[in-house]
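Visitor: I would like to see how this sequence folds:
(one chain, ligands or ions: 1)
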Amino acid sequence: MSKSTKIKELTSHEVSQLLTNKKFSKLKPSSCNLCGEKKRFLRRIFEVYGVAKRKHSDDKTQNNIRLQFKQEYSIDFIFFKIHDGQFFVDSAVCGVCKSTAIVYDIDLFDQDMISELSKLTGKSKEDIIMGLRLASNILKDD
Ligand SMILES: [Zn+2]
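Guide: Predicted coordinates for the structure are as follows:
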């Protein structure tokens with residue numbers, strides 16, 4: 001971890017502002033790895049400063065940041081998001097068991113996106129949903 005890297009947690013107001021953004025909120029907490037809760041999560045989002053743009057998706061950079069979140073914030077699962085050129089770390093706490101090992105998932109049933117994909121590919125909406133489900137299972141198995 002380079003010394004110039006700084007992590008700042010967003011305030012609850014900033015988090016709710018950011019979550020109104022459709023693109024940002026597409027990948028969201030879907031289930032608690034510990035107790036299986038699917039709805040009640042407290043979202044914690046951080047902005048990471050001082051990482052060069054070309055390193056945002058670098059494995060080594062992300063692993064270092066992951067480690068730092070485990071050690072300094074006791075957060076097990078984090079997700080990286082690049083939004084408007086800013087580098088964010090998205091995490092959640094289970095509202096039931098307080099675990100931070102929360103699995104994220106793409107909102108497969110975002111109807112706007114499915115309509116767009118359907119127009120774009122010429123496939124039916126049902127086909128699109130099936131394809132997305134398949135892709136998400138493959139991602140989860142990784
Ligand atoms: Zn839980």
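
Visitor: touching, residue 49 and residue 85? I think so.
Guide: No. Applying CB atoms under 8 Å, one finds residue 49 not in contact with residue 85, separated by 12.0 Å. (Glycine included, C-beta is placed from N, CA and C.)

Visitor: who has more neighbours, those two?
Guide: Neighbours were counted for residue 49 and for residue 85 using other CB atoms under 10 Å; residue 49 has more, 12 against 7.

Visitor: so what's the more buried one closest to, chain neighbours aside?
Guide: What sits nearest to residue 49 in space, not counting adjacent residues and going by CB to CB, 6 or more residues apart in numbering, is residue 6, at 4.3 Å.

Visitor: can you pull the contacts of the residue of the chain positioned farthest from its centre?
Guide: The C-alpha centroid of the chain is most remote from residue 122, which lies 28.9 Å away (CA atoms, centre = their mean). Residues near residue 122 by CB atoms under 8 Å, 6 or more residues apart in numbering: none.

Visitor: pLDDT score assigned to it?
Guide: Looking at residue 122, its pLDDT is 89.

Visitor: look up how far residue 7 lies from it.
Guide: Residue 122 sits at a distance of 44 Å from residue 7 (criterion: CB to CB, to the nearest Å).

Visitor: next, find the distance separating the residue nearest to residue 49 from the ion.
Guide: As for residue 6, its distance to the ion is 30 Å (criterion: CB to the ion, to the nearest Å).

Visitor: compute the number of surrounding residues for that residue.
Guide: If we define neighbours as other CB under 10 Å, then residue 6 has 11 of them.

Visitor: contact residues of the chain facing the ion?
Guide: Taking CB under 5 Å from the ion as the contact definition, the chain meets the ion at 32, 34-35, 37, 94, 96-97, 99.

Visitor: quick one: which of those residues is most hemmed in?
Guide: Counting neighbours by other CB under 10 Å, residue 32 comes out on top of the residues of the chain next to the ion with 24 neighbours.

Visitor: now that residue: closest residue in space, sequence neighbours ignored.
Guide: residue 94 (4.1 Å).
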